[in-house]
Structures are given as C-alpha cells and as structure tokens.
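# here is a sequence with its predicted model. Questions after.
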Amino acid sequence: MSRRHNTKSWLAAGATLVVLPLSACAGVKAADPAGSGSTCPSAPPGTTVNLSMTSWTPGAQQNVDYFNTHVGDTMNPRIHVTLNVVPGGNSGTYQAYSNQIIAGNTGDIGMVEYPILPSYRLQQGLTNIASCPGVAGARSDFSPASISASEIGDPNALFGIPQDAGPLGLYYRKDLFAKYHIPVPATWQQFAADAPKVKAAGGYIAGFQYGQPEWFEGLVWQAGGRWFTSTDKGWIVNLTDAASLKVADYWTNLVRNGDVGQEDTFSPADWSDLGSGKLWTLIAPPWMSVLLATNSPASARDWAVARLPQWTSGQTATGMWGGSDYAVWSTCKYPAQAAQFLLWLETSTNALTVNNTIGGQFPAYMPAVTTVPAMAQPLTVPGATTGKPVKYFGDQVIWDPFTHLHASPAWQAGPTQSQTDADFSTALAAFISGSGTIADALRSTQAKTIAAIQAQGLAVVQEGSH
Amino acid sequence: MSTAIPSIATAKPERATGTVTAARRQVVQHKKALAIFLGPFLLVFVLFYLAPILFAVLQSFMKVSRAGAFGAPVQVFGGLTQYSAVVHSSVFWTSIEHVVIFFFVSVPIQLIMALLLALLLDSSLVKGKRFFRLAYFAPYAVPTIIAALIWGYLYQPQVSPFQTLTSSPTFGPLTANMIYFSMANIVFWTYVGYNMVIIYSALKAIPGDLFEAAKMDGASQLRIAWSVKIPLVVPALIMSTMFSIIGTLQLFNEPTVLATLTPAVTATWSPNMIVLATTNIPNYNLAAAISVMLALVSCAVSFTFLRLTQKRAFA
C-alpha cells in the first residue's frame, strides 16, 4: 500500500512538473464516481448556469444560438451554452478528451460516438445523469440500442443523451438493378445469389469495407453476435461467437470469389466507383446519405434506400455503424442543467430539424419520425455544379426504411474499442491482401484485444463466470 | 614544461593583492550574462524538451491497475512490463522491418540522385542554374501530407490520369508489390532537392584552387567530379544519410495518408503510427515505452552508422 502511495506522489509530481498545475491526476482518484446510485447536483434557482459544449455536428452552432436566445433564458436557473466546434472524434478530438480528463478541463458536455463512450467511463471522465430531472421519463423515447450504448453495461445508469443512431441499411442503384432485371436483395442469401449476376453485368454488388471495422461490427451485431460483456469481475471477450463466424465466412467467400469490390471507404476511388455504377450497393447508415450525395453527385436520382438484407426472411434486424451521444463530463458542476439542455437539444423539433437537414442525422429520439417534418420529405441537397437543390434519392423518403430496422440493445462496445478497431482493420487489410480468412482476423484481434484490456489493469473473464 | 608551472604559481599571489575583488566581480557579471542569454533557452528547453522526455521515461515504467469492469485507474510501478510488451510485440518489430526495407528502397537512390543533380548544377555544362536549383528544391516547400495526398490521387486508377499504369494488379502503385516504391517516390520527390542543396553547398565550399590544380594536371570534368568533388562532399553525404535514417524511422505522414487508400499500408505500418494508435486507447504507459524503444533504436542505428563512416569521412 505504501508503495502505491509513493507511486502516486511520484506521478503527481511528474504531472505537475510537466503540465503545470493540474487540478486532477488520473492516478489519484479514489473510486468510480460515475457508478450507479448517483445524485444530480443542480444550480440554485435564480442563477445563470454557463455550460460549455464540444461538438462536431454540422448545425450545432445554429442550435446553440437558438437555445441561447429563445430557450435558455426562460429556464430557471437560466442556462447559457458556449459551443466549441472541433474536428471529428478520430481526427484528434478523442485524444484531446483523454488529455483533458487527466488535466481536469473537459468542460461540461462533449460529443462522443457510442463505441468510444466506455473508454471515457474507464478514464473516470463521465457523470451518470440517470437521476437528473426529466431523464428517466425521456429514456423510453430513444432507440433501445442507443440507450443501451449510453448505459455502458449498467442498466441503472445513463452516461449521455443520445444524439443520432446509425442503423445499417442498403443504399442501392435502382437504375442498374432495374436495367438488368436483378432483384434488390432482401436476404443475405439473395445478396450472395445476386453477386455473380451483378459481376456479369460489369459491376460489384457491394464493396467490402475492410477499413471500417465498425461497418463489419454492425453486420455481426445484426446477426446476433456480441463481442463484449462487462461483469462485476471483469470483461467477457468473444469475437468468435457463432454469429461472428457466420458473417465472417459469408464475406470471406464473397471476397475470395471476387464478387465484391475492395475500394477503401471514403477514398476518392470509392466515391468514383459509387458514382460510375461500378458499385451497385452501399451498406451504410443514414448519415452516409449526405456524404454520398456530396461526393458522388454524378449518380443523383439513381440511388434508393432499402432495408438491410436479413439472415431470416421477414426480420427487421440491423446493427449500428456510428451514432453519437452527448456525454456530461465529470467536471460538470451542474449536471441537472446540462441534462436539461441536452434533452431540449435532442428532443425538440427545432433542433432535430437542423441536425437532420444539415447533417443528414437520423435522430435517436424515436418520435422525431413524426414530429420532424423534414423526416417525411425527400432528401434535398445543393447540386454539384449548379448549386440548385437536387432530390438526390428522387422522391423516396429515405429515412423510412431505417425507421423499420431495429438494432438489438444487447451489443456492447469494448473497453479498448479503438484498439480493437485498429487491430481488426489491420487484420482485415492482411485478409484483403490475400492471407487467411476473416475468421483468422477475428481470432488475432481477439488475442490482441485481451492483451490490451489486461494492460489496462482489467480482468478478462470466461463466459458464464458472471 | 616543469619549469613553467612554478612561474605561474608564483605569479598568482602577485596579481591577487590588488585586483582580487575586480576579478571576482567580473566572474559574477559573466554569470549574469550567462543567465540572461541562456536562461530563456534553458527554461523552454527544460520545460518542453527534457521534462517531457523524463516524464515519458517515468511513464514507461508504470502500469495501470483497476478493479471490476470500470474501476478507477491506479498507476503503479510496473518495472519492465511495458518494455517486455514492446519487445514481444510482433506489430512493433514488423513496423521496424517496414521502415528498414523502406530505407534501403528509398535512401540510396535518393542520395545518388541528389549527388548527381548537385554535380550537374556545379558543373559548367548547365545553363539556368538558379532556376534549376529552385525548381528541384521547390517540392520541399510542399507539406508532406499534401504531397502524399496528391500522389495518392495519381496512384488510384479510378481517379488517376494514368489509367493503364495504375490499374495493373501486379504493378499498380498501390499494390502490395509496389507500395514501398510508391511511398519512396513521394519521399524522393520531396527530399531529393533538399539533399541536393546540402550537397551543393558543400561543393561550393571547396576551394577553387583545387580544381585549378586538377585542370593543370590534365584532369577532365568527369575526373574532377570523381576524384576531387565527391571525396570532399562525403561529410555532407553522411549528414544527409543520418537525416534520412532518423526521418525514415519517424515515417508517419506518407503511410498515414496511403493507409486510407490501400490495404497494403495498415494503421500500424510504421512505429510512430503504433505510438499514435496506442495513445488513442489510451495506454500512455505502453506508448511511452514504444517511444523510448524507438529513440533507442534510432540512437543505436545512427551511432553505428557514424562509427562505420567516421574514419572515412573525417579522417
């Protein structure tokens, strides 16, 4: 014990030496302050609470401005929000968060994608807002998978207010499927049967998005796989359950038969192939709609959206790729006011309309389908050359198929998800380059993930030992 | 020698009688000047260079301990835990292998080209020297990220103007066969001019009478280049090689950009990419250990290289 104390003071001294006076140090926190049974401190009535928020959602500034001028002043205590616009999480913001948690200056609210949220709980960076006023009542209005992601394995907790959901659907070239009389696949069996026909017509039915581990995880999620489970004793890690291996073998076959493309998602080559008709479908969430429209303008009106193909005909299962929360940081002084603001931001028609029309967001708040008028209309984007509005998906209301898909709340992200994703994409790159199978990639990622979790001082336990 | 010492010893007391205070004050003034001139540098140097290194070394000997699935992290002394993890990490050694292969693919030809260009510019054959000097050097002004992005566009068959060249499954620049050469090409494009300038300035520093003497002895331009110029710019070549060794071990921008374009480059391709990925987990202790190991490898390679070449260059 005395050695531990020594180490702590060493560390504290080191941290102070380097980063100047810090209020908090990762090594010296006593217990998990974010555990269940939390209280929710609130500012006294009649005061003004200033909240800081970090986000990269397009349109966030518009929403914050609206809130400050029209809504915040009517609340008691009054709430005023300052927005800090940052680059996307993986473009440096997540690393900044980690550093800010050590430095104790995360501010009040931060945007975090679901898979990364557990990492910040592990760093003791989050506040449990489950007991804040209004939260319990709103819980059931958000999609079950996004609430589950925000609970991080503790059904009595809530570590963020869900912003958008990322259910996988099927974007497809309606012109090409019609032209060659190939049925749009409703099941994976049909998808595999279509693949050689599409190839005969000179295209690929889809791209194997080897650089996007979350994409593949979404497909495993749909099939009923579950990679991580948190228990009181530690983590169960199972990247090679029956569902994962089923999906792995399915795509291994498609890739080895040469039936799918291998473009790196979001690369110029990928957008070019999506625009030129080389790739006939794109398995992706709602947020892809705006990206597709912006980057492949040539194929405007040729695309439509269908539900994700199913393993069993007639089901409505899907998994998520992306989707995000607004987390309340542990440095937030008044979580009650933070939660109050976030509930407005993620449930008011005004704010959700901005998120949907500017960022193509699919709200995690389920009533939005009926309350937000834009979600009953075709997606309109500025045309590439003319700037005139273009209905990229014709008259289809593309949100509709996504509304009818359901991601299971059983899926849980891992404690070192960014490492799992990095190692899995490295392994998938090796697979794409010709060595082994996707099942091999899962096995090697499993081993690396267990090592990385143990390196965090966490226990990895066997299934059934809860 | 033995007679000189006593004379100094005897001289000292004489001087000491009257001027000792002045001498002392002079020393004190000197100290002040030292503090004023060195102080700002030392402060920044210690705060932002030495302290972070010290902190990284310190961190690399720690590990994290927790309880349950979300227990609070407690930093405890971990001894060589992190270093053992690095030494046993196949990913780390694979990345070292990548940069070593890259070094041999990229650096020799780069330096030979730089030397040839410098010699050409230095010879009397070329007209428009100032233009060419600038033209070759210009790519160095382009940030490496931008260079990698632009070459990335040229490499992708779907968007490249060189369709037939880039779409070959065996010789396409983004295939696993060719990726070292494609990456080396980007670095080549950026750094040939830079190295050329270093060598060119070394050539300019050679005294003209050497060439005169060589000419009087009947040496041709080629012979002068081979027997006079090249031996005299060897120190510059060695310096360029040193920079290239260190630069190669720290390779980051080019593979990071290419990793978004081809499976032949993974997110953990080079050592520095692994450090970034590890800090993202976040596992600062392991990342610190990898950084320290990388620094040690760099030191070992650089000093070995210097040892091997020192006699030849500076004798």
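Thanks, I have it. For clarity, every value in this text was computed on a predicted model and none was experimentally measured.
# residue A:313 contacts residue A:188, correct?
No - the criterion here is Cβ atoms under 8 Å, and residue A:313 misses it with residue A:188 at 10.0 Å. Backbone N, C-alpha and C define where each C-beta goes, glycine included.
# more crowded one of these two?
In terms of neighbours (other Cβ atoms under 10 Å in any protein chain shown), residue A:188 is the more surrounded of residue A:313 and residue A:188; the figures are 21 against 10.
# now do the more buried one against residue A:320, distance only.
Taking Cβ to Cβ, to the nearest Å as the measure, residue A:188 falls 18 Å from residue A:320.
# over to residue B:52?
With Cβ to Cβ as the criterion, residue B:52 and residue A:320 are 39 Å apart.
# same check, this time on residue A:166
4 Å.
# give me the common contacts of the two.
A:114, A:218, A:285 (Cβ atoms under 8 Å, 6 or more residues apart in numbering or on different chains).
# reformat the residues you listed as a markdown table; add secondary structure.
Converted to a markdown table, those look like this (DSSP: H, G, I helix; E, B strand; the rest coil):
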| residue | secondary structure |
| --- | --- |
| A:114 | helix |
| A:218 | helix |
| A:285 | coil |
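# list the buried residues of stretch A:328-342.
Within stretch A:328-342, the residues that count as buried by 16 or more other Cβ atoms under 10 Å in any protein chain shown are A:328-332, A:334-342.
# swap in stretch B:240-250?
B:240, B:241, B:243, B:244, B:245, B:248, B:249.
# the closest residue to the fourth one other than its chain neighbours: neighbour count?
Excluding the flanking residues, the one nearest residue B:244 by Cβ to Cβ, 6 or more residues apart in numbering or on different chains is residue B:107, at 4.5 Å. Residues contacting residue B:107 under the criterion other Cβ under 10 Å number 22.
# ok, residue B:107 touching residue B:248?
Yes - Residue B:107 is within contact range of residue B:248, at 6.9 Å (criterion: Cβ under 8 Å).
# from the buried residues of stretch A:328-342, pick the one nearest chain B.
residue A:330 (11.1 Å; Cβ to the nearest Cβ).
# what about the spatially closest residue to that closest one that is not a sequence neighbour, how many neighbours?
Leaving aside its sequence neighbours, residue A:330 sits nearest to residue A:127 (Cβ to Cβ, 6+ apart; 5.2 Å). Residue A:127 has 25 neighbours, counted by other Cβ under 10 Å.
# residue A:127 touches residue A:334, doesn't it?
No - when contacts are counted by Cβ under 8 Å, residue A:127 is not listed as touching residue A:334 (10.2 Å).
# name the nearest residue to residue A:241, sequence neighbours excluded.
residue A:225 (5.3 Å).
# please apply the same query to residue A:53.
residue A:109 (4.1 Å).
# check whether the one you found really touches residue A:52, as I assumed.
Yes - using Cβ under 8 Å, residue A:109 makes contact with residue A:52 at a distance of 7.1 Å.
# which residue of these two possesses the greater neighbour count?
Taking neighbours as other Cβ under 10 Å, residue A:109 and residue A:52 compare with residue A:109 leading, 28 against 18.
# so what's the more buried one up against?
A:51, A:52, A:53, A:54, A:326, A:327, A:328, A:329, A:332, A:338, A:341, A:342.
# residue B:147 now?
Per Cβ under 8 Å, 6+ apart, neighbours of residue B:147: B:139, B:186, B:189, B:190, B:254.
# now those in TSV, with distance to residue A:351 and neighbour count?
Putting the contacts of residue B:147 into TSV (distance: Cβ to Cβ, whole Å; neighbours: other Cβ atoms under 10 Å in any protein chain shown) gives the following:
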residue	distance to residue A:351	neighbour count
B:139	47	17
B:186	44	25
B:189	48	17
B:190	46	21
B:254	42	25
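# among the residues you listed, name the ones in helices.
Counted as lying in helices by DSSP state H, out of the contacts of residue B:147, are B:186, B:189, B:190, B:254.
# of these, which is the nearest to residue A:398?
residue B:254 (38.1 Å; Cβ to Cβ).
# tally up the residues packed near residue 226, please.
The chain I'm using is chain A. As a measure of burial, residue A:226 has 17 neighbours, counting by other Cβ under 10 Å.
# not quite, I wanted chain B
Counted with other Cβ under 10 Å, residue B:226 comes out at 13.
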